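J.: sequence isn't available, so here's the structure alone:
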Ligand code: FAD
Ligand code: SF4
(Lines give C-alpha, C1' and ligand atoms only; values in the text may rest on other atoms or scores of the structure.)
(Ligands and ions follow the chains in the order given, each with its own letter.)
Protein backbone atom coordinates (compact mmCIF):
# COMPACT_ATOMS: atom_id res chain seq x y z
CA UNK A 1 0.00 0.00 0.00
CA UNK A 2 1.27 3.44 -0.87
CA UNK A 3 1.16 6.01 1.97
CA UNK A 4 1.57 8.96 -0.37
CA UNK A 5 -1.87 10.53 -0.88
CA UNK A 6 -0.82 11.58 -4.38
CA UNK A 7 -0.78 7.89 -5.30
CA UNK A 8 -4.19 7.07 -3.81
CA UNK A 9 -5.26 5.66 -7.17
CA UNK A 10 -3.03 2.67 -6.34
CA UNK A 11 -5.05 1.90 -3.20
CA UNK A 12 -8.54 2.98 -4.21
CA UNK A 13 -10.06 1.31 -7.27
CA UNK A 14 -12.37 3.17 -9.63
CA UNK A 15 -15.88 2.32 -8.56
CA UNK A 16 -19.19 3.10 -10.24
CA UNK A 17 -22.01 1.33 -8.45
CA UNK A 18 -25.29 0.29 -9.96
CA UNK A 19 -28.37 -0.24 -7.82
CA UNK A 20 -28.91 -3.86 -8.88
CA UNK A 21 -27.77 -6.35 -11.50
CA UNK A 22 -29.29 -6.02 -14.99
CA UNK A 23 -32.16 -8.53 -14.81
CA UNK A 24 -33.24 -7.28 -11.36
CA UNK A 25 -33.15 -3.57 -12.08
CA UNK A 26 -35.64 -3.85 -14.97
CA UNK A 27 -38.33 -4.37 -12.32
CA UNK A 28 -38.57 -0.57 -12.00
CA UNK A 29 -37.74 2.74 -13.70
CA UNK A 30 -35.51 4.14 -10.93
CA UNK A 31 -32.07 5.55 -11.83
CA UNK A 32 -29.58 2.77 -12.46
CA UNK A 33 -26.52 4.39 -10.89
CA UNK A 34 -26.26 4.65 -7.10
CA UNK A 35 -25.41 8.04 -5.64
CA UNK A 36 -22.04 8.17 -3.87
CA UNK A 37 -22.02 8.32 -0.08
CA UNK A 38 -19.86 11.04 1.52
CA UNK A 39 -16.96 8.67 2.23
CA UNK A 40 -17.13 7.15 -1.25
CA UNK A 41 -17.14 10.58 -2.90
CA UNK A 42 -14.09 11.55 -0.89
CA UNK A 43 -12.28 8.29 -1.76
CA UNK A 44 -13.08 8.52 -5.45
CA UNK A 45 -12.04 12.19 -5.49
CA UNK A 46 -8.72 11.23 -3.89
CA UNK A 47 -7.84 9.24 -7.04
CA UNK A 48 -7.38 12.47 -9.05
CA UNK A 49 -3.69 13.36 -9.29
CA UNK A 50 -4.43 16.91 -10.50
CA UNK A 51 -2.14 16.16 -13.38
CA UNK A 52 -1.28 19.75 -14.30
CA UNK A 53 -2.44 19.61 -17.90
CA UNK A 54 -5.93 18.26 -17.30
CA UNK A 55 -7.05 16.47 -20.43
CA UNK A 56 -10.43 15.90 -18.75
CA UNK A 57 -11.04 19.65 -18.72
CA UNK A 58 -9.98 20.11 -22.34
CA UNK A 59 -12.18 17.29 -23.57
CA UNK A 60 -15.23 18.55 -21.67
CA UNK A 61 -17.31 20.66 -24.13
CA UNK A 62 -17.97 23.33 -21.44
CA UNK A 63 -14.43 23.03 -20.03
CA UNK A 64 -15.52 22.27 -16.49
CA UNK A 65 -12.82 23.06 -13.88
CA UNK A 66 -12.75 19.38 -12.94
CA UNK A 67 -9.52 19.00 -10.89
CA UNK A 68 -10.30 22.26 -9.05
CA UNK A 69 -13.77 21.18 -7.90
CA UNK A 70 -12.47 17.71 -7.04
CA UNK A 71 -9.84 19.34 -4.82
CA UNK A 72 -12.46 21.56 -3.10
CA UNK A 73 -14.55 18.48 -2.40
CA UNK A 74 -11.57 16.70 -0.87
CA UNK A 75 -11.02 19.69 1.41
CA UNK A 76 -14.65 19.50 2.52
CA UNK A 77 -15.50 22.82 0.80
CA UNK A 78 -18.62 21.43 -0.88
CA UNK A 79 -20.51 24.70 -1.47
CA UNK A 80 -17.45 26.25 -3.13
CA UNK A 81 -17.17 23.15 -5.33
CA UNK A 82 -20.84 23.58 -6.32
CA UNK A 83 -20.32 27.29 -7.03
CA UNK A 84 -17.27 26.55 -9.21
CA UNK A 85 -19.08 23.77 -11.03
CA UNK A 86 -21.89 26.23 -11.89
CA UNK A 87 -19.41 28.73 -13.32
CA UNK A 88 -19.04 26.60 -16.44
CA UNK A 89 -22.19 24.47 -16.53
CA UNK A 90 -25.85 25.34 -16.02
CA UNK A 91 -26.94 21.72 -15.40
CA UNK A 92 -24.03 19.88 -13.67
CA UNK A 93 -26.31 17.40 -11.88
CA UNK A 94 -27.81 16.43 -15.26
CA UNK A 95 -24.45 16.17 -17.05
CA UNK A 96 -23.03 14.17 -14.12
CA UNK A 97 -25.79 11.64 -14.78
CA UNK A 98 -26.10 11.41 -18.56
CA UNK A 99 -23.06 12.87 -20.31
CA UNK A 100 -21.22 10.12 -22.21
CA UNK A 101 -18.21 10.55 -19.92
CA UNK A 102 -16.53 7.52 -21.50
CA UNK A 103 -16.18 9.57 -24.70
CA UNK A 104 -15.48 12.90 -22.98
CA UNK A 105 -13.79 13.76 -19.65
CA UNK A 106 -13.32 10.23 -18.30
CA UNK A 107 -12.17 8.92 -21.68
CA UNK A 108 -9.48 11.62 -21.66
CA UNK A 109 -8.47 11.20 -17.99
CA UNK A 110 -4.76 10.46 -17.53
CA UNK A 111 -5.68 7.48 -15.34
CA UNK A 112 -8.06 5.91 -17.85
CA UNK A 113 -5.79 3.39 -19.54
CA UNK A 114 -3.84 1.93 -16.64
CA UNK A 115 -5.81 2.48 -13.43
CA UNK A 116 -9.34 3.39 -14.49
CA UNK A 117 -10.51 6.97 -15.02
CA UNK A 118 -11.45 9.15 -12.07
CA UNK A 119 -15.25 8.83 -11.71
CA UNK A 120 -15.79 12.44 -12.77
CA UNK A 121 -19.49 12.05 -13.61
CA UNK A 122 -20.47 10.54 -10.25
CA UNK A 123 -18.47 13.19 -8.39
CA UNK A 124 -20.06 15.99 -10.42
CA UNK A 125 -23.50 14.59 -9.59
CA UNK A 126 -22.59 14.18 -5.90
CA UNK A 127 -21.40 17.79 -5.54
CA UNK A 128 -24.58 19.45 -6.85
CA UNK A 129 -27.08 16.94 -5.42
CA UNK A 130 -25.52 17.18 -1.96
CA UNK A 131 -25.13 20.95 -2.05
CA UNK A 132 -28.85 21.26 -2.96
CA UNK A 133 -29.79 18.82 -0.18
CA UNK A 134 -27.87 20.96 2.29
CA UNK A 135 -29.74 24.07 1.17
CA UNK A 136 -27.17 25.63 -1.17
CA UNK A 137 -28.50 27.83 -3.98
CA UNK A 138 -26.61 29.96 -6.50
CA UNK A 139 -26.03 33.36 -4.87
CA UNK A 140 -27.97 35.97 -6.85
CA UNK A 141 -28.09 38.63 -4.11
CA UNK A 142 -25.52 40.91 -5.79
CA UNK A 143 -27.11 40.96 -9.25
CA UNK A 144 -28.00 44.43 -10.54
CA UNK A 145 -30.95 44.64 -12.97
CA UNK A 146 -30.05 46.17 -16.37
CA UNK A 147 -33.43 47.08 -17.86
CA UNK A 148 -33.18 44.61 -20.75
CA UNK A 149 -35.62 41.80 -21.56
CA UNK A 150 -34.97 38.58 -23.45
CA UNK A 151 -37.40 35.84 -24.49
CA UNK A 152 -36.01 32.33 -24.63
CA UNK A 153 -38.04 29.91 -26.75
CA UNK A 154 -37.58 26.33 -25.58
CA UNK A 155 -36.74 25.19 -22.06
CA UNK A 156 -34.40 22.35 -23.05
CA UNK A 157 -30.72 22.43 -22.07
CA UNK A 158 -29.90 25.12 -24.68
CA UNK A 159 -32.65 27.49 -23.50
CA UNK A 160 -31.86 26.86 -19.83
CA UNK A 161 -28.12 27.46 -20.39
CA UNK A 162 -28.92 30.76 -22.11
CA UNK A 163 -31.42 31.89 -19.44
CA UNK A 164 -28.93 31.04 -16.65
CA UNK A 165 -26.21 33.37 -17.98
CA UNK A 166 -28.63 36.18 -18.86
CA UNK A 167 -30.32 36.27 -15.47
CA UNK A 168 -26.94 36.24 -13.71
CA UNK A 169 -26.17 39.42 -15.67
CA UNK A 170 -29.30 41.26 -14.57
CA UNK A 171 -31.37 40.66 -17.72
CA UNK A 172 -35.09 39.88 -17.24
CA UNK A 173 -35.71 36.47 -18.86
CA UNK A 174 -38.98 34.81 -19.85
CA UNK A 175 -38.66 31.21 -21.05
CA UNK A 176 -41.51 30.04 -23.31
CA UNK A 177 -42.23 26.37 -23.87
CA UNK A 178 -45.14 24.59 -25.50
CA UNK A 179 -44.80 21.72 -22.99
CA UNK A 180 -46.31 21.71 -19.50
CA UNK A 181 -42.89 21.22 -17.80
CA UNK A 182 -39.39 22.57 -18.41
CA UNK A 183 -36.46 20.43 -19.61
CA UNK A 184 -37.28 19.56 -23.24
CA UNK A 185 -35.95 16.07 -23.95
CA UNK A 186 -34.62 15.82 -20.39
CA UNK A 187 -38.21 15.62 -19.17
CA UNK A 188 -40.17 14.13 -22.05
CA UNK A 189 -37.58 12.10 -24.02
CA UNK A 190 -34.95 10.62 -21.71
CA UNK A 191 -36.29 7.83 -19.49
CA UNK A 192 -36.31 7.91 -15.70
CA UNK A 193 -33.74 5.14 -15.34
CA UNK A 194 -31.15 7.57 -16.77
CA UNK A 195 -32.50 10.78 -15.29
CA UNK A 196 -35.22 10.90 -12.65
CA UNK A 197 -37.65 13.75 -13.16
CA UNK A 198 -37.24 15.00 -9.58
CA UNK A 199 -33.84 16.29 -10.75
CA UNK A 200 -35.51 18.63 -13.26
CA UNK A 201 -38.20 19.66 -10.74
CA UNK A 202 -35.44 20.70 -8.35
CA UNK A 203 -33.64 22.59 -11.11
CA UNK A 204 -36.85 24.44 -11.98
CA UNK A 205 -37.08 25.64 -8.36
CA UNK A 206 -33.45 26.78 -8.46
CA UNK A 207 -33.96 28.73 -11.70
CA UNK A 208 -37.15 30.32 -10.33
CA UNK A 209 -35.22 31.35 -7.23
CA UNK A 210 -32.66 32.98 -9.55
CA UNK A 211 -35.44 35.01 -11.18
CA UNK A 212 -36.09 33.15 -14.45
CA UNK A 213 -39.79 33.21 -15.39
CA UNK A 214 -41.31 30.22 -17.17
CA UNK A 215 -44.28 30.59 -19.51
CA UNK A 216 -45.28 26.99 -20.14
CA UNK A 217 -48.03 25.50 -22.34
CA UNK A 218 -47.30 28.36 -24.76
CA UNK A 219 -46.34 27.52 -28.32
CA UNK A 220 -44.57 30.30 -30.18
CA UNK A 221 -46.03 30.58 -33.67
CA UNK A 222 -49.45 29.47 -32.41
CA UNK A 223 -50.32 30.85 -28.96
CA UNK A 224 -48.05 33.85 -29.41
CA UNK A 225 -46.44 35.06 -32.63
CA UNK A 226 -42.78 35.92 -33.08
CA UNK A 227 -43.35 39.55 -34.25
CA UNK A 228 -45.12 40.20 -30.93
CA UNK A 229 -42.10 38.85 -29.04
CA UNK A 230 -39.70 40.89 -31.18
CA UNK A 231 -41.70 43.98 -30.22
CA UNK A 232 -41.81 43.16 -26.52
CA UNK A 233 -38.22 41.92 -25.96
CA UNK A 234 -34.76 43.31 -26.74
CA UNK A 235 -33.54 39.94 -28.06
CA UNK A 236 -34.78 36.38 -28.61
CA UNK A 237 -33.02 33.04 -28.17
CA UNK A 238 -34.30 29.96 -29.99
CA UNK A 239 -33.53 26.55 -28.47
CA UNK A 240 -36.31 24.47 -29.98
CA UNK A 241 -34.53 21.17 -30.68
CA UNK A 242 -34.91 18.75 -33.63
CA UNK A 243 -37.99 16.59 -33.74
CA UNK A 244 -38.53 15.03 -37.19
CA UNK A 245 -38.07 11.28 -36.87
CA UNK A 246 -36.04 9.64 -39.64
CA UNK A 247 -37.88 6.49 -40.69
CA UNK A 248 -36.08 5.48 -43.87
CA UNK A 249 -39.45 5.28 -45.72
CA UNK A 250 -39.67 1.64 -44.74
CA UNK A 251 -42.73 -0.05 -46.35
CA UNK A 252 -45.34 -0.86 -43.69
CA UNK A 253 -44.74 2.15 -41.42
CA UNK A 254 -48.49 2.87 -41.39
CA UNK A 255 -49.34 -0.51 -39.79
CA UNK A 256 -50.78 -0.54 -36.26
CA UNK A 257 -48.24 -1.05 -33.43
CA UNK A 258 -45.44 0.69 -35.34
CA UNK A 259 -44.03 3.77 -33.61
CA UNK A 260 -41.08 6.10 -33.80
CA UNK A 261 -38.62 5.92 -30.90
CA UNK A 262 -39.38 9.36 -29.56
CA UNK A 263 -43.19 8.93 -29.79
CA UNK A 264 -42.79 5.79 -27.71
CA UNK A 265 -40.55 7.35 -25.06
CA UNK A 266 -42.63 10.54 -24.85
CA UNK A 267 -45.80 8.52 -24.31
CA UNK A 268 -44.17 6.59 -21.43
CA UNK A 269 -42.74 9.75 -19.84
CA UNK A 270 -46.00 11.68 -20.14
CA UNK A 271 -47.88 8.76 -18.61
CA UNK A 272 -45.43 8.47 -15.72
CA UNK A 273 -45.70 12.23 -15.15
CA UNK A 274 -49.52 11.91 -15.13
CA UNK A 275 -50.04 14.07 -18.24
CA UNK A 276 -51.94 11.21 -19.91
CA UNK A 277 -53.92 8.17 -18.74
CA UNK A 278 -52.07 5.48 -20.67
CA UNK A 279 -48.87 4.84 -22.61
CA UNK A 280 -47.78 2.67 -25.52
CA UNK A 281 -47.44 -0.60 -23.63
CA UNK A 282 -45.18 -3.51 -24.63
CA UNK A 283 -46.04 -5.86 -21.77
CA UNK A 284 -45.79 -9.53 -22.83
CA UNK A 285 -45.01 -8.50 -26.42
CA UNK A 286 -42.21 -9.38 -28.83
CA UNK A 287 -40.69 -6.01 -29.61
CA UNK A 288 -38.23 -5.13 -32.36
CA UNK A 289 -36.31 -1.86 -32.13
CA UNK A 290 -34.74 -0.75 -35.41
CA UNK A 291 -31.57 1.36 -35.03
CA UNK A 292 -28.87 1.35 -32.39
CA UNK A 293 -28.27 4.94 -31.26
CA UNK A 294 -28.91 6.35 -27.79
CA UNK A 295 -32.65 6.68 -28.41
CA UNK A 296 -32.85 3.06 -29.58
CA UNK A 297 -31.05 1.91 -26.40
CA UNK A 298 -33.54 3.89 -24.31
CA UNK A 299 -36.41 2.19 -26.20
CA UNK A 300 -34.93 -1.29 -25.62
CA UNK A 301 -34.55 -0.64 -21.92
CA UNK A 302 -38.00 0.92 -21.56
CA UNK A 303 -39.67 -2.06 -23.24
CA UNK A 304 -37.80 -4.46 -20.93
CA UNK A 305 -39.04 -2.49 -17.92
CA UNK A 306 -42.61 -2.60 -19.22
CA UNK A 307 -42.37 -6.41 -19.19
CA UNK A 308 -41.90 -7.15 -22.90
CA UNK A 309 -41.53 -10.87 -23.58
CA UNK A 310 -38.51 -10.30 -25.83
CA UNK A 311 -36.74 -7.17 -27.05
CA UNK A 312 -34.65 -7.49 -30.20
CA UNK A 313 -32.54 -4.59 -31.42
CA UNK A 314 -31.60 -4.72 -35.10
CA UNK A 315 -28.71 -2.72 -36.54
CA UNK A 316 -27.34 -2.67 -40.08
CA UNK A 317 -23.77 -2.17 -38.88
CA UNK A 318 -21.40 -4.31 -36.83
CA UNK A 319 -21.27 -4.12 -33.03
CA UNK A 320 -18.08 -2.05 -33.17
CA UNK A 321 -19.73 0.53 -35.43
CA UNK A 322 -21.97 1.92 -32.69
CA UNK A 323 -21.66 5.68 -32.41
CA UNK A 324 -23.76 6.23 -29.29
CA UNK A 325 -22.86 5.85 -25.64
CA UNK A 326 -21.04 2.60 -24.87
CA UNK A 327 -22.44 2.77 -21.34
CA UNK A 328 -26.05 2.82 -22.62
CA UNK A 329 -25.32 -0.10 -24.96
CA UNK A 330 -23.71 -2.17 -22.17
CA UNK A 331 -26.66 -1.46 -19.87
CA UNK A 332 -29.15 -2.44 -22.60
CA UNK A 333 -27.25 -5.70 -23.14
CA UNK A 334 -26.95 -6.40 -19.40
CA UNK A 335 -30.66 -5.90 -18.94
CA UNK A 336 -31.57 -8.49 -21.55
CA UNK A 337 -31.78 -6.86 -25.00
CA UNK A 338 -31.12 -9.33 -27.79
CA UNK A 339 -28.93 -7.67 -30.45
CA UNK A 340 -28.79 -8.67 -34.12
CA UNK A 341 -25.99 -7.07 -36.16
CA UNK A 342 -25.49 -6.50 -39.90
CA UNK A 343 -29.18 -6.90 -40.66
CA UNK A 344 -31.08 -4.58 -42.97
CA UNK A 345 -34.79 -4.10 -42.29
CA UNK A 346 -36.50 -4.29 -45.70
CA UNK A 347 -40.19 -4.14 -44.89
CA UNK A 348 -42.71 -4.32 -42.07
CA UNK A 349 -45.30 -6.97 -42.78
CA UNK A 350 -48.76 -7.21 -41.24
CA UNK A 351 -52.14 -8.88 -41.01
CA UNK A 352 -55.49 -7.07 -40.68
CA UNK A 353 -53.63 -3.74 -40.60
CA UNK A 354 -51.40 -4.69 -37.64
CA UNK A 355 -47.67 -5.39 -37.80
CA UNK A 356 -46.73 -9.06 -37.47
CA UNK A 357 -43.15 -9.19 -38.70
CA UNK A 358 -40.02 -7.45 -39.90
CA UNK A 359 -38.52 -8.75 -43.14
CA UNK A 360 -34.74 -8.48 -42.92
CA UNK A 361 -31.72 -9.42 -45.01
CA UNK A 362 -28.15 -10.09 -43.91
CA UNK A 363 -25.61 -7.52 -45.10
CA UNK A 364 -22.12 -8.00 -46.43
CA UNK A 365 -20.22 -4.96 -47.72
CA UNK A 366 -23.51 -3.01 -47.71
CA UNK A 367 -25.15 -5.60 -50.03
CA UNK A 368 -27.93 -8.00 -49.03
CA UNK A 369 -26.61 -11.57 -49.13
CA UNK A 370 -28.71 -13.53 -51.61
CA UNK A 371 -31.09 -16.00 -49.96
CA UNK A 372 -30.55 -14.50 -46.49
CA UNK A 373 -33.95 -12.81 -46.23
CA UNK A 374 -36.29 -13.87 -43.44
CA UNK A 375 -39.21 -12.52 -41.42
CA UNK A 376 -38.80 -11.95 -37.68
CA UNK A 377 -42.19 -12.29 -35.96
CA UNK A 378 -43.20 -9.28 -33.81
CA UNK A 379 -46.06 -7.72 -31.90
CA UNK A 380 -44.64 -4.19 -32.01
CA UNK A 381 -41.93 -2.30 -33.90
CA UNK A 382 -40.13 0.85 -32.79
CA UNK A 383 -38.26 2.72 -35.51
CA UNK A 384 -35.35 4.71 -34.16
CA UNK A 385 -33.06 5.91 -36.95
CA UNK A 386 -32.39 9.40 -35.54
CA UNK A 387 -33.77 12.89 -36.04
CA UNK A 388 -33.88 15.49 -38.78
CA UNK A 389 -34.49 19.20 -38.14
CA UNK A 390 -38.00 20.55 -37.80
CA UNK A 391 -37.82 24.20 -38.96
CA UNK A 392 -40.94 26.25 -38.16
CA UNK A 393 -42.69 27.94 -41.09
CA UNK A 394 -42.18 31.34 -39.40
CA UNK A 395 -38.36 31.17 -39.50
CA UNK A 396 -38.06 32.37 -43.09
CA UNK A 397 -40.78 35.06 -42.67
CA UNK A 398 -38.69 36.52 -39.85
CA UNK A 399 -35.39 36.44 -41.73
CA UNK A 400 -33.97 33.53 -39.71
CA UNK A 401 -31.76 31.71 -42.21
CA UNK A 402 -31.81 27.93 -42.47
CA UNK A 403 -29.43 25.52 -44.19
CA UNK A 404 -30.64 23.27 -46.99
CA UNK A 405 -30.99 20.51 -44.38
CA UNK A 406 -33.29 22.65 -42.23
CA UNK A 407 -30.85 23.57 -39.44
CA UNK A 408 -30.71 27.18 -38.29
CA UNK A 409 -27.79 29.18 -39.61
CA UNK A 410 -26.11 30.86 -36.69
CA UNK A 411 -22.75 32.60 -36.44
CA UNK A 412 -19.94 30.39 -35.27
CA UNK A 413 -17.42 33.22 -34.95
CA UNK A 414 -16.39 34.18 -31.44
CA UNK A 415 -17.80 37.72 -31.41
CA UNK A 416 -21.51 37.08 -31.73
CA UNK A 417 -21.68 33.30 -31.65
CA UNK A 418 -25.24 32.06 -32.12
CA UNK A 419 -26.58 35.18 -33.86
CA UNK A 420 -28.89 34.46 -36.84
CA UNK A 421 -29.42 36.53 -40.00
CA UNK A 422 -31.98 38.51 -37.98
CA UNK A 423 -29.60 40.32 -35.62
CA UNK A 424 -32.16 40.40 -32.77
CA UNK A 425 -32.48 36.59 -32.82
CA UNK A 426 -29.94 34.03 -31.56
CA UNK A 427 -30.10 30.23 -31.60
CA UNK A 428 -28.31 27.14 -30.30
CA UNK A 429 -28.54 23.46 -29.35
CA UNK A 430 -29.90 20.68 -31.51
CA UNK A 431 -31.70 23.05 -33.92
CA UNK A 432 -28.33 24.52 -34.94
CA UNK A 433 -25.96 21.56 -34.73
CA UNK A 434 -28.38 18.65 -35.33
CA UNK A 435 -29.28 16.19 -32.58
CA UNK A 436 -26.32 15.98 -30.24
CA UNK A 437 -25.79 16.10 -26.48
CA UNK A 438 -27.09 17.87 -23.40
CA UNK A 439 -23.70 19.37 -22.67
CA UNK A 440 -23.22 20.80 -26.17
CA UNK A 441 -26.72 22.33 -26.04
CA UNK A 442 -25.87 23.94 -22.67
CA UNK A 443 -22.61 25.20 -24.18
CA UNK A 444 -24.43 26.77 -27.15
CA UNK A 445 -27.04 28.40 -24.92
CA UNK A 446 -24.42 29.91 -22.63
CA UNK A 447 -22.36 31.17 -25.57
CA UNK A 448 -25.39 32.71 -27.24
CA UNK A 449 -26.21 34.46 -23.94
CA UNK A 450 -22.71 36.00 -23.91
CA UNK A 451 -23.36 37.21 -27.48
CA UNK A 452 -26.74 38.65 -26.49
CA UNK A 453 -25.05 40.57 -23.65
CA UNK A 454 -22.59 42.05 -26.18
CA UNK A 455 -25.40 42.85 -28.62
CA UNK A 456 -27.37 44.60 -25.86
CA UNK A 457 -24.20 46.27 -24.59
CA UNK A 458 -24.65 44.89 -21.10
CA UNK A 459 -21.49 44.74 -18.96
CA UNK A 460 -18.00 45.51 -20.33
P1 LIG B 1 -34.65 20.07 -26.59
O2 LIG B 1 -34.17 19.36 -25.38
O3 LIG B 1 -35.29 19.26 -27.65
O4 LIG B 1 -35.63 21.22 -26.11
C5 LIG B 1 -36.37 21.98 -27.03
C6 LIG B 1 -37.56 22.60 -26.34
O7 LIG B 1 -38.18 23.55 -27.21
C8 LIG B 1 -38.64 21.60 -25.96
O9 LIG B 1 -38.99 21.74 -24.60
C10 LIG B 1 -39.82 21.98 -26.86
O11 LIG B 1 -41.09 21.75 -26.24
C12 LIG B 1 -39.58 23.47 -27.05
N13 LIG B 1 -40.21 24.03 -28.25
C14 LIG B 1 -40.05 23.61 -29.53
N15 LIG B 1 -40.78 24.38 -30.36
C16 LIG B 1 -41.40 25.30 -29.60
C17 LIG B 1 -42.30 26.39 -29.87
N18 LIG B 1 -42.69 26.67 -31.12
N19 LIG B 1 -42.76 27.13 -28.84
C20 LIG B 1 -42.38 26.87 -27.56
N21 LIG B 1 -41.54 25.84 -27.24
C22 LIG B 1 -41.06 25.08 -28.25
N23 LIG B 1 -27.85 13.60 -24.59
C24 LIG B 1 -26.90 13.30 -23.67
O25 LIG B 1 -25.99 14.13 -23.45
N26 LIG B 1 -26.92 12.14 -22.95
C27 LIG B 1 -27.92 11.23 -23.12
O28 LIG B 1 -27.94 10.19 -22.46
C29 LIG B 1 -28.94 11.51 -24.06
N30 LIG B 1 -29.97 10.64 -24.23
C31 LIG B 1 -30.95 10.96 -25.12
C32 LIG B 1 -32.03 10.11 -25.24
C33 LIG B 1 -33.07 10.42 -26.09
C34 LIG B 1 -34.23 9.49 -26.18
C35 LIG B 1 -33.01 11.58 -26.90
C36 LIG B 1 -34.11 11.90 -27.86
C37 LIG B 1 -31.94 12.45 -26.79
C38 LIG B 1 -30.91 12.15 -25.89
N39 LIG B 1 -29.82 13.01 -25.73
C40 LIG B 1 -28.86 12.72 -24.80
C41 LIG B 1 -29.71 14.26 -26.52
C42 LIG B 1 -30.18 15.49 -25.73
O43 LIG B 1 -31.37 15.20 -25.02
C44 LIG B 1 -30.39 16.67 -26.68
O45 LIG B 1 -29.20 16.86 -27.43
C46 LIG B 1 -30.71 17.96 -25.92
O47 LIG B 1 -31.87 17.81 -25.13
C48 LIG B 1 -30.91 19.13 -26.91
O49 LIG B 1 -31.27 20.27 -26.19
P50 LIG B 1 -32.08 21.48 -26.88
O51 LIG B 1 -32.28 22.47 -25.79
O52 LIG B 1 -31.37 21.88 -28.12
O53 LIG B 1 -33.47 20.84 -27.35
FE1 SF4 C 1 -7.67 14.37 -12.41
FE2 SF4 C 1 -7.97 12.66 -14.52
FE3 SF4 C 1 -8.49 15.29 -14.81
FE4 SF4 C 1 -5.93 14.48 -14.49
S5 SF4 C 1 -7.26 14.00 -16.25
S6 SF4 C 1 -6.95 16.24 -13.48
S7 SF4 C 1 -6.25 12.74 -13.07
S8 SF4 C 1 -9.61 13.84 -13.45
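T.: Arrived safely, thanks for sending. Worth saying up front: this structure is predicted, and the values here are computed from it rather than measured. Residues are numbered from 1 along each chain as shown. Ligands and ions are numbered 1, 2, ... in the order given.
J.: what residues does this protein have near ligand 2?
T.: The chain has residues 48-51, 54-56, 66-67, 109-111, 118, 120 near ligand 2, with proximity defined as CB under 6 Å from any ligand atom. For glycine as for every other residue, the C-beta is placed from the backbone atoms N, C-alpha and C.
J.: tell me which of those fall in strands.
T.: Among the residues of the chain next to ligand 2, no residue falls in strands (DSSP state E).
J.: buried only: go through the residues you listed for me.
T.: 48, 49, 54, 56, 66, 67, 109, 110, 111, 118, 120 (16 or more other CB atoms under 10 Å).
J.: redo those residues as CSV? Include pLDDT and distance to residue 251.
T.: Shown next, in CSV, are these (pLDDT from 0 to 100; distance: CB to CB, whole Å):
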residue, pLDDT, distance to residue 251
48, 92, 54
49, 89, 57
54, 92, 52
56, 95, 47
66, 97, 49
67, 96, 54
109, 94, 47
110, 90, 51
111, 87, 50
118, 93, 49
120, 96, 46
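J.: among those, which are in reach of ligand 1?
T.: Within those, nothing lies near ligand 1 by CB under 6 Å from any ligand atom.
J.: quick check: the two most widely separated of these?
T.: 49 and 120 (13.2 Å; CB to CB).
J.: contact residues of the stretch 301-450 of the chain facing ligand 1?
T.: 392, 429, 430, 435, 436, 437, 438, 439, 441.
J.: dump those residues into CSV; add neighbour count as well.
T.: Below are those laid out as CSV (neighbours: other CB atoms under 10 Å):
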residue, neighbour count
392, 19
429, 35
430, 28
435, 20
436, 15
437, 21
438, 28
439, 24
441, 33
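J.: what's the farthest-apart pair in those residues?
T.: Farthest apart among those - using CB to CB - are 392 and 439, which lie 25.2 Å from each other.
J.: just the element for residue 173, please.
T.: Assigned by DSSP states H and E, residue 173 belongs to strand 172-176.
J.: what distance separates that strand from the middle of the whole chain?
T.: From the chain centre to the centre of strand 172-176 is a distance of 22 Å (CA atoms, centre = their mean, to the nearest Å).
J.: which other helices and strands does that strand contact?
T.: Counting by 3 or more CB pairs under 8 Å, 6 or more residues apart in numbering; DSSP states H and E, the packing neighbours recorded for strand 172-176 are strand 149-153, helix 157-168, strand 213-215.
J.: helix, strand or coil for residue 28?
T.: For residue 28, the secondary structure call by DSSP: H, G, I helix; E, B strand; the rest coil comes out as coil.
J.: tell me the confidence at it?
T.: On the pLDDT scale, residue 28 is placed at 94.
J.: quick one: residues contacting the nearest residue to it once chain neighbours are set aside.
T.: Spatial nearest neighbour of residue 28, chain neighbours left out: residue 305 (7.1 Å); criterion: CB to CB, 6 or more residues apart in numbering. Neighbour list for residue 305: 26, 27, 28, 29, 193 [criterion: CB atoms under 8 Å, 6 or more residues apart in numbering].
J.: in the strand ranked longest in the chain, which residues are buried?
T.: Using DSSP E, we find that the single longest strand of the chain is strand 354-364. Buried residues in strand 354-364, counted by 16+ other CB under 10 Å: 355, 356, 357, 358, 359, 360, 361, 362, 363.
J.: which strands or helices does it pack on?
T.: Looks like strand 354-364 contacts strand 343-351, strand 374-377, strand 380-383 (3+ CB pairs under 8 Å, 6+ apart).
J.: beyond that strand, next helix or strand please.
T.: Using DSSP H and E, the first helix or strand after strand 354-364 is strand 367-368.
J.: give me the contact list for that next one.
T.: By CB under 8 Å, 6+ apart, strand 367-368 touches 344, 346, 361, 362.
J.: off-centre distance for that strand?
T.: Distance, centroid of strand 367-368 to centroid of chain: 34 Å (CA atoms, centre = their mean).
J.: same check on stretch 414-424?
T.: On CA atoms, centre = their mean, the centre of stretch 414-424 falls 25 Å from the chain's centre.
J.: got it, and stretch 75-84?
T.: Distance, centroid of stretch 75-84 to centroid of chain: 25 Å (CA atoms, centre = their mean).
J.: next one: stretch 220-227
T.: Using CA atoms, centre = their mean, the offset of stretch 220-227 from its chain centre is 26 Å.
J.: coming back round to it: what is the mean pLDDT for the longest strand of the chain?
T.: Strand 354-364 comes out at a mean pLDDT of 97.
J.: got the angle between it and strand 343-351?
T.: Between strand 354-364 and strand 343-351, the angle comes out at 160 degrees (axes from the mean of the first three to the mean of the last three CA atoms, to 10 degrees).
J.: residues making contact with strand 354-364?
T.: Residues from elsewhere that reach strand 354-364 (CB under 8 Å, 6+ apart): 252, 255-258, 288, 290, 314, 316, 340, 342-350, 368-369, 372-381.
J.: parallel or antiparallel, which strands does the strand holding residue 173 pair with?
T.: Partners of strand 172-176 in the sheet, by DSSP bridges, are strand 149-153 (parallel), strand 213-215 (parallel).
J.: where does the prediction get shaky in the stretch 351-460 of the chain?
T.: Applying pLDDT under 70 to the stretch 351-460 of the chain picks out residues 460.
J.: ok so, going back, quick one: which of the residues of the chain next to ligand 2 is nearest to ligand 1?
T.: residue 120 (14.4 Å; CB to the nearest ligand atom).
J.: contacts only, for that closest one.
T.: Listed by CB under 8 Å, 6+ apart, the contact set of residue 120 reads 56, 66, 70, 101, 105, 106, 109.
J.: tell me how many other residues crowd the closest residue to it other than its chain neighbours.
T.: Distances taken as CB to CB, 6+ apart place residue 105 nearest to residue 120, at 4.7 Å, with adjacent residues excluded. By the other CB atoms under 10 Å criterion, the neighbourhood of residue 105 contains 28 residues.
J.: residue 105 and residue 58 touch, don't they?
T.: No. Taking contacts as CB atoms under 8 Å, residue 105 lies outside contact range of residue 58: 9.1 Å.
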